[in-house]
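Asks: this one's sequence-less:
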């Protein structure tokens, strides 16, 4: 990884910006020269001012400063997300074994996260480890989350439900999740795509209630899905929102309408070169079968 000042100079040259334009009112010219040679360091506040003058976001700067590569943690989590979203659980299990003995703090954190994902898929495959336990207890105790914690908390939910040693209210966690997502929303905008995370969180809670047969609580989630401003969603978010509203119909509404909507969403995905993260067919097959059983049981009770 380059020295911060060396990367700043590279960006400044690319944009054709003079030292005066980049550093005026922030640091002296002599300091700026030494900084760009990698001889001086700089306070974070001043660095942000310089990045603002260069019209470069901190994320883009980090990417450039890392030789145009993702930070290690981002790269590891991207691998994990891809395997999990594609339901490649055997591959994910091998990934965990490969990285488990690493001394890298980033890899240890990523392994703990991957273990949580495996646990939520099948309790018999991956027992709760010390790393996993420490991670989710830490996240539950924190009042405010960054974007990465928001992504992780939604995966931890099924683990919390199964682990009776940690008393926690799903309803309280839901309110906390909503509040933290709200911190990243701006008027008429969702710059960090947190509404996608909120939809994903709602879908997980919705499925938890279906799995534990808490149908009264599950029914409440249609209102939550409908509260989300569809105009602020990207294509992936819109497809995912429509999908879960269709799953709701399979259980509690018009079954045929729900099926029709899901088939339409599958057709939309086929038109796209990138099918996105939502594995419609796998989830639909599981939920359709469970919804039919639910309706049969309701019919038997009514009769």
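Replies: Happy to help now that I have it. Since the model is a prediction, treat every value here as computed from it, not as a measurement.
Asks: Below-threshold pLDDT in the stretch 1-150 of the chain: ranges please.
Replies: Along the stretch 1-150 of the chain, segments meeting pLDDT under 70 span 1, 85-87, 119-133.
Asks: which residues sit against the helix or strand hosting residue 175?
Replies: Using DSSP states H and E, residue 175 sits in helix 170-183. In this structure, residues lying in contact with helix 170-183 by Cβ atoms under 8 Å, 6 or more residues apart in numbering are 140, 143-145, 149-150, 153-154, 157, 160-161, 194-195, 197-198, 201, 205, 208. In this view, the C-beta of every residue, glycine as well, is placed from N, C-alpha and C.
Asks: and whichever helix or strand comes after it, what does it pack onto?
Replies: Using DSSP H and E, the helix or strand that follows helix 170-183 in sequence is helix 194-211. Contact here means 3 or more Cβ pairs under 8 Å, 6 or more residues apart in numbering; DSSP states H and E; on that basis helix 194-211 packs against helix 147-162, helix 170-183, helix 215-219, helix 221-227, helix 235-252, helix 280-302.
Asks: helices or strands up against the last one?
Replies: The reference is to helix 280-302. With contacts defined as 3+ Cβ pairs under 8 Å, 6+ apart, helix 280-302 has these neighbours: helix 194-211, helix 235-252, helix 255-271.
Asks: switch the cut-off to 6 Å
Replies: helix 235-252 (3 or more Cβ pairs under 6 Å, 6 or more residues apart in numbering; DSSP states H and E).
Asks: Look up how far residue 218 lies from residue 42.
Replies: Separation of residue 42 from residue 218 (Cβ to Cβ, to the nearest Å): 52 Å.
Asks: wait, I meant residue 278
Replies: Residue 278 sits 19 Å away from residue 218, going by Cβ to Cβ.
Asks: What is the neighbour count of the residue nearest to residue 252 when sequence neighbours are not counted?
Replies: Excluding the flanking residues, the one nearest residue 252 by Cβ to Cβ, 6 or more residues apart in numbering is residue 219, at 5.6 Å. Residue 219 has 15 neighbouring residues, counting by other Cβ atoms under 10 Å.
Asks: Likewise for residue 69?
Replies: 13.
Asks: May I have the secondary structure class of it?
Replies: coil (DSSP: H, G, I helix; E, B strand; the rest coil).
Asks: List the contacts of it.
Replies: Shown in contact with residue 69 (Cβ atoms under 6 Å, 6 or more residues apart in numbering): no residues.
Asks: Next, it: phi, psi?
Replies: When quoted as degrees, to the nearest 10, the phi and psi of residue 69 stand at phi -130, psi 150.
Asks: Give me the distance between it and residue 75.
Replies: Noted for residue 69: a distance of 7 Å to residue 75, by Cβ to Cβ.
Asks: next one: residue 145
Replies: According to Cβ to Cβ, residue 145 stands 21 Å off from residue 75.
Asks: Can you pick out the residue with more neighbours from these two?
Replies: A count of neighbours by other Cβ under 10 Å puts residue 145 above the other of residue 145 and residue 75, at 19 against 14.
Asks: What count of nearby residues applies to the closest residue to residue 251 other than its chain neighbours?
Replies: Spatial nearest neighbour of residue 251, excluding adjacent residues (Cβ to Cβ, 6+ apart): residue 291 at 4.7 Å. Residues near residue 291, counting by other Cβ under 10 Å, number 21.
Asks: cool, and residue 52?
Replies: Residue 52 has 13 neighbouring residues, counting by other Cβ under 10 Å.
Asks: Could I get the phi/psi values of it?
Replies: phi -60, psi -40.
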